[in-house]
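> Using only what follows, build the 3D model:
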Amino acid sequence: MQVAVVGGTGSVGSLIVVELAARGDAVRILSRNPPAELPSGASHHRIDLAIGGAGLIEAFDGVEAVVDASNDSSRKAGKVLVEGGRRIADAEQEAGVRHHVAISIVGCDRVPVGYYRTKVAQERVVTESPVPWSLLRASQFHTLVAYLFQASERYRIAPTGKALIQPIDPAIVAKRLAEAVHDGPGGRLPDIAGPKVETLTDLAHAWREHSDRRSIPLRLPMIGPVGRALREGALTAPSAAAGGQTFEQWLSGQAPRGGS
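Residues are numbered from 1 along each chain as shown. Okay, the predicted model is just below:
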């Protein structure tokens, strides 16, 4: 099958590429910059969703399915995810793509934060497009949780609190998305989440045990609508718990975080 992966060099996009290539698919990686190494059976096409999406129609020529794994958490997230999503949908229609596969976030419609509102708007672009689609919501990735703690270490702190999180190994999500590509359009798919619901404090403890740096636990106030949503588990889906490693188990397979 000819499959294009938009954002195929990202944390989950690159894993999707590997999954699809292992199934024998001809994979086109669409991103601003090429990956350091191309998997066998994959090719790279340069695009930039933030500045017009030039090259999309050509990149989609002959493609049967498109996986949108693009992401941007900066101030231009709307341009990339929503406006870029419209450009993808338009190009898919013109190129005759038969299946669009999208990834979103568990509970993004329950937490009043700008980025999550953008994800909801991106979902709407997908569901309103005439291109047949599948949409999978996943809980927070282990890699994202690790990135947040790593960034906090620069200030010698480890954020803690009662926020409930259910992190998942992105490799599990990538496998499910590859399956969705071959299953064909399925609409809103069942959510997928990590094996265990944990508090931010639990995750911080696991991180501090993993890291060689000394960091001070700092409790974050869970106040207002956002704090209440996080305390109530808006970003979790216990009934959607999948297999795979817990955050602590996943960390044990990573190189320790060293530092002065």
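> Name the residues that touch the worst-scoring helix or strand of the chain on mean pLDDT?
Least confident helix or strand of the chain, by mean pLDDT, DSSP states H and E, is helix 77 with a mean of 89. Around helix 77, the neighbours that count as contacts under Cβ atoms under 8 Å, 6 or more residues apart in numbering are Gly114, Tyr115, Thr118. Placement of C-beta: from N, CA and C, glycine included.
> all helices in this structure, in order from the N-terminus.
With helices called from DSSP state H, the chain shows them at 13-22, 56-60, 77, 84-95, 114-128, 142-153, 170-183, 200-210, 224-231, 247-252.
> Bridge partners for Ser43, pull those for me.
Judged by DSSP bridges, the bridge partners of Ser43 are Arg28.
> Could I get the pLDDT score of the closest residue in space to Arg32 that isn't next to it in sequence?
Leaving aside its sequence neighbours, Arg32 sits nearest to Asp48 (Cβ to Cβ, 6 or more residues apart in numbering; 5.2 Å). Asp48 is assigned a pLDDT of 85 by the prediction.
> my guess is Asp48 meets Asn33, correct?
No: counting by Cβ atoms under 8 Å, Asp48 sits too far from Asn33 to count as a contact (9.8 Å).
> Tell me which of these two has more neighbours.
The neighbour comparison of Asp48 against Asn33 (other Cβ atoms under 10 Å) goes to Asp48, with 16 against 9.
> quick one: that one from Val27, how far?
20 Å (Cβ to Cβ, to the nearest Å).
> pLDDT score for Ala255?
Per the predicted model, pLDDT is 65 at Ala255.
> likewise Lys76?
82.
> give the contact list for it.
With contact set as Cβ under 8 Å, 6+ apart, Lys76 has these partners: Ala50.
> Distance-wise, check it relative to Val6.
Distance from Lys76 to Val6, by Cβ to Cβ: 16 Å.
> swap in Thr246?
Distance, Thr246 to Val6, using Cβ to Cβ: 30 Å.
> More neighbours: those two, which one.
A direct count of neighbours by other Cβ under 10 Å for Thr246 and Val6 places Val6 higher, at 28 against 20.
> Just list whatever residues bridge to the more buried one.
Here Val6, judged by DSSP bridges, has bridge partners Leu30, Asp68.
> hang on, isn't Asp191 packed against Ala237?
Yes: using Cβ under 8 Å, Asp191 makes contact with Ala237 at a distance of 4.7 Å.
> got any residues that touch both of the two?
The contact sets of Asp191 and Ala237 overlap at Val106, Arg137, Ser139 (Cβ under 8 Å, 6+ apart).
> Identify, from those, the entry nearest to Glu153.
Distance to Glu153, by Cβ to Cβ, is smallest for Ser139 among the shared contacts of Asp191 and Ala237, at 23.2 Å.
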